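Novice: Below: sequence and its predicted model.
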Amino acid sequence: MALELEHREGRIFLRLRVSPKAKQDRIVGEHGGALKLQVKDPPEKGRANEGVVRLLSSVLGIAAREIELVSGHASQDKRVAISGLDEATLRDKLKT
């Protein structure tokens, strides 16, 4: 997977491409260097963003508080900062 990761301030920054209102929460693969996700939640009142954090928390095995949505709150293209994992572990857990 050719994910583009950025390391800064002890965190890993990851770009996401999110499709809300899907049949199930899942990681689809890679899309132009971003991780492509589908979440069941609708894109209303931040619910899809909560779904993204919940899905990543579950897949990565870390607490939701270790994942911060830093940009794209109202967009399909988002950026998250992840704490508590090194790059090798992150890539291993995100393999699709």
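Specialist: Thanks, I have it. Residues are numbered from 1 along each chain as shown.

Novice: Buried ones in the longest helix along the chain, by neighbour count?
Specialist: With secondary structure taken from DSSP state H, the chain has its longest helix at helix 47-60. The neighbour-count check on helix 47-60 (16 or more other C-beta atoms under 10 Å) flags Ala48, Asn49, Gly51, Val52, Val53, Arg54, Leu55, Leu56, Ser57, Leu60 as buried. From N, CA and C alone the C-beta is placed, and that goes for glycine too.

Novice: which helices and strands does it pack with?
Specialist: Judged by 3 or more C-beta pairs under 8 Å, 6 or more residues apart in numbering; DSSP states H and E, the packing partners of helix 47-60 are strand 11-19, strand 26-31, strand 34-38, strand 67-71, strand 77-82, helix 87-93.

Novice: Please repeat the previous calculation with a cut-off of 7 Å.
Specialist: For helix 47-60, the packing partners by 3 or more C-beta pairs under 7 Å, 6 or more residues apart in numbering; DSSP states H and E come out as strand 11-19, strand 67-71, helix 87-93.

Novice: any chance of the buried residues of helix 47-60 in JSON lines, plus pLDDT?
Specialist: JSON lines is the format used below for the buried residues of helix 47-60 (pLDDT from 0 to 100):
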{"residue": "Ala48", "pLDDT": "96"}
{"residue": "Asn49", "pLDDT": "97"}
{"residue": "Gly51", "pLDDT": "97"}
{"residue": "Val52", "pLDDT": "98"}
{"residue": "Val53", "pLDDT": "97"}
{"residue": "Arg54", "pLDDT": "97"}
{"residue": "Leu55", "pLDDT": "97"}
{"residue": "Leu56", "pLDDT": "98"}
{"residue": "Ser57", "pLDDT": "97"}
{"residue": "Leu60", "pLDDT": "97"}
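
Novice: Pipe the residues you listed into CSV and attach distance to Ile67 per row.
Specialist: Output for those, formatted as CSV (distance: C-beta to C-beta, whole Å):
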residue, distance to Ile67
Ala48, 14
Asn49, 10
Gly51, 12
Val52, 8
Val53, 5
Arg54, 9
Leu55, 10
Leu56, 5
Ser57, 6
Leu60, 8
